[in-house]
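Peer 1: structural data only, the sequence is not supplied:
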């Protein structure tokens, strides 16, 4: 089962099971980021999904299910996407981050126009999927696909969730979300996203994050519940 959790606008308490999976994958297995930097200030404004699997009879957990995967849905506005051929490195474990009362309550990015690409005019807002992680021993069982499909379904059924963080002035100037979803995929994970309907946007180029080649991908989702259309904000 994949459970979406709402943005924590007034709390720094992030979903512990989501944090656990990301820590196990990104910090200890892949050694991609130090523990102190595996969360960022976008986490507090995002929707986090966690998928659970039944515990085996040999496991000592008192809970019938355990968290095995997670995915993040980031609202717009987003920061400008990385430029092609740039290199992004992980923060140093010796660099201190601000206290959580400051770190998780920084203002959301302001709306800015991206350079136009093959599949994105640079103007239309998009929500972004990211931080997809599945525990190593549970890969190859379809959990990533379930998380992705659950996130896309939730986004389509809740098209106004990004507007919660917009000021009244921004609501009058930021274009309305029309169902565009973007993500930054590791090159080795492109097939997973393609299997779920995403297409590589060649015009975005590619860049490097902590030594891994990244490509931009996009998909458009239907908005509304069970085929019902969503009224415009106007």
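Peer 2: Received, thanks. All values derive from a computational prediction rather than experimental measurement. Residues are numbered from 1 along each chain as shown.

Peer 1: where along this structure do the helices fall?
Peer 2: 16-22, 100-103, 143-157, 168-173, 190-195 (DSSP state H).

Peer 1: can I get those helices in a markdown table with mean neighbour count, distance to residue 136 and mean pLDDT?
Peer 2: Placement of C-beta: from N, CA and C, glycine included. Converted to a markdown table, the helices of the chain look like this (neighbours: other Cβ atoms under 10 Å; distance: least, Cβ to Cβ, whole Å; pLDDT from 0 to 100):
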| stretch | mean neighbour count | distance to residue 136 | mean pLDDT |
| --- | --- | --- | --- |
| helix 16-22 | 19 | 11 | 93 |
| helix 100-103 | 12 | 29 | 65 |
| helix 143-157 | 19 | 12 | 97 |
| helix 168-173 | 10 | 41 | 84 |
| helix 190-195 | 15 | 15 | 97 |
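
Peer 1: distance to residue 56 added to the ones you listed, as JSON lines?
Peer 2: Formatted as JSON lines, these follow (distance: least, Cβ to Cβ, whole Å):
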{"stretch": "helix 16-22", "distance to residue 56": "18"}
{"stretch": "helix 100-103", "distance to residue 56": "35"}
{"stretch": "helix 143-157", "distance to residue 56": "16"}
{"stretch": "helix 168-173", "distance to residue 56": "49"}
{"stretch": "helix 190-195", "distance to residue 56": "25"}
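
Peer 1: and those: which comes nearest residue 35?
Peer 2: Closest approach to residue 35 among the helices of the chain is made by helix 16-22 (10.5 Å; Cβ to Cβ).

Peer 1: and the closest one, how far from the chain's centre?
Peer 2: 14 Å (Cα atoms, centre = their mean, to the nearest Å).

Peer 1: for that helix, name the packing helices and strands.
Peer 2: Helix 16-22 makes packing contacts with strand 47-54, strand 65-74, strand 127-134 when contacts are defined by 3 or more Cβ pairs under 8 Å, 6 or more residues apart in numbering; DSSP states H and E.

Peer 1: any chance of the ones you listed in a markdown table, plus mean neighbour count?
Peer 2: A markdown table is the format used below for the helices and strands packed on helix 16-22 (neighbours: other Cβ atoms under 10 Å):
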| stretch | mean neighbour count |
| --- | --- |
| strand 47-54 | 20 |
| strand 65-74 | 22 |
| strand 127-134 | 23 |
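
Peer 1: can you add distance to residue 167 and mean pLDDT and give those strands back as TSV?
Peer 2: Converted to TSV, those look like this (distance: least, Cβ to Cβ, whole Å; pLDDT from 0 to 100):
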stretch	distance to residue 167	mean pLDDT
strand 47-54	20	95
strand 65-74	19	96
strand 127-134	19	97
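
Peer 1: those strands: which one's closest to residue 110?
Peer 2: Nearest to residue 110 among the helices and strands packed on helix 16-22 is strand 65-74; the distance by Cβ to Cβ comes to 15.1 Å.
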